[in-house]
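Chemist: Kindly return the folded structure for what I paste below:
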Amino acid sequence: MFQIFSDLILHKRVKFEEGNVKFFEKNVVIFPAEYMVLLQKGLEEKGLENLIYQKAKANGISWFRNLNNYYKISPEDIFKWGVNTLALAGWGKTEVLNVDREKKEVSLLVKHSVIAEEYGKSDHPVDHFIRGSFAGGATILFGEECDTIELKCLAMGDSECEFKVKASVNIDKTNEIVKKQLGL
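Modeler: Below is the predicted model of the structure:
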């Protein structure tokens, strides 16, 4: 992890200036995870938690497209870089379990999800930002719209968070968990 950060600084991919931090030429901010959880819980009270997922997905598409334009490397490498930047930014240790280009599916684990840890006990998965980011990245990777479902969540008592990303056309939209997580 520190080697990645050192390389980013060496190659001027991370810039710290007075009142401004840039990461791959995008402005970023650093804030407590508690803020994200408070925002999320406030949206949940109003039935709007899916807003985080949708906006994170749009941001993920923009972020991964920016990485693709910046580096001019394969979509697979862009996806790996994107996943590593989530870990570097403190969202949790991410592991890509499987990428199936033919089926347009990705399986991932996030260990020590900062949102799930901060959120506390829950009866539902809570990693909406990460889900959306993965969906955005896979949309760039596969060249068609993708969505992510969180199958296991630390906040629900699981040992880690597990995600399945699929091309949107291949997702079973009659499944109640899918309906809830995608706001259908």
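Chemist: and stretch 20-32, average pLDDT?
Modeler: Stretch 20-32 comes out with an average pLDDT of 71.
Chemist: Between the two ends of that stretch, how far is it?
Modeler: End-to-end distance of stretch 20-32 (CA to CA, to the nearest Å): 17 Å.
Chemist: Likewise for stretch 41-60?
Modeler: Stretch 41-60 has an end-to-end distance of 22 Å (CA to CA).
Chemist: Domain parsing of this structure, as residue ranges.
Modeler: As given by automatic domain parsing, the domain ranges for the chain are 1-30, 33-182.
Chemist: right, so these: which one is the most enclosed?
Modeler: Mean neighbours per residue, mean count of other CB atoms under 10 Å, is largest over those for domain 33-182, with a mean of 18. C-beta coordinates here come from the backbone N, C-alpha and C atoms, glycine included.
Chemist: just how off-centre is that domain within its chain?
Modeler: Between the centre of domain 33-182 and the centre of its chain there are 4 Å (CA atoms, centre = their mean, to the nearest Å).
Chemist: can you start the count at 826 instead of 1 from here on
Modeler: With 826 as the first residue, the last one maps to domain 858-1007.
Chemist: what's the average pLDDT for whichever helix in the chain runs longest?
Modeler: Identified as the longest helix of the chain according to DSSP state H is helix 875-896. For helix 875-896, the mean pLDDT works out to 87.
Chemist: relative to helix 875-896, how tilted is the very next helix or strand once past that helix?
Modeler: For helix 875-896, the succeeding helix or strand toward the C-terminus, using DSSP states H and E, is helix 900-913. Interaxial angle of helix 900-913 relative to helix 875-896 (axes from the mean of the first three to the mean of the last three CA atoms, to 10 degrees): 120 degrees.
Chemist: So which elements touch helix 900-913?
Modeler: Applying 3 or more CB pairs under 8 Å, 6 or more residues apart in numbering; DSSP states H and E, one finds that helix 900-913 contacts helix 827-835, helix 875-896, strand 918-925, helix 953-967.
Chemist: Save the ones you listed as TSV, and put in distance to Gly844 too.
Modeler: Formatted as TSV, those follow (distance: least, CB to CB, whole Å):
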stretch	distance to Gly844
helix 827-835	19
helix 875-896	22
strand 918-925	30
helix 953-967	24
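Chemist: Would you tell me which of the ones you listed gets closest to Glu859?
Modeler: Ranking those by proximity to Glu859 (CB to CB) places helix 953-967 first, at 13.9 Å.
Chemist: Run through the neighbouring helices and strands of the closest one.
Modeler: helix 875-896, helix 900-913, strand 930-936, strand 971-977, strand 986-992.
Chemist: how about it as PDB, C-alpha atoms only?
Modeler: Only the C-alpha atoms of helix 953-967 are listed here, as PDB (Å, rounded to 0.1, in the frame of the first residue of the first chain):
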ATOM      1  CA  HIS A 953     -23.700   1.800  -0.900                       C
ATOM      2  CA  PHE A 954     -20.800   4.000  -1.900                       C
ATOM      3  CA  ILE A 955     -18.500   1.000  -2.500                       C
ATOM      4  CA  ARG A 956     -21.200  -0.800  -4.400                       C
ATOM      5  CA  GLY A 957     -21.700   2.200  -6.600                       C
ATOM      6  CA  SER A 958     -18.000   2.600  -7.200                       C
ATOM      7  CA  PHE A 959     -17.600  -1.000  -8.200                       C
ATOM      8  CA  ALA A 960     -20.600  -0.700 -10.600                       C
ATOM      9  CA  GLY A 961     -19.100   2.400 -12.200                       C
ATOM     10  CA  GLY A 962     -15.700   0.700 -12.600                       C
ATOM     11  CA  ALA A 963     -17.300  -2.500 -14.100                       C
ATOM     12  CA  THR A 964     -19.300  -0.300 -16.500                       C
ATOM     13  CA  ILE A 965     -16.000   1.000 -17.900                       C
ATOM     14  CA  LEU A 966     -14.400  -2.500 -17.700                       C
ATOM     15  CA  PHE A 967     -17.100  -4.200 -19.700                       C
END
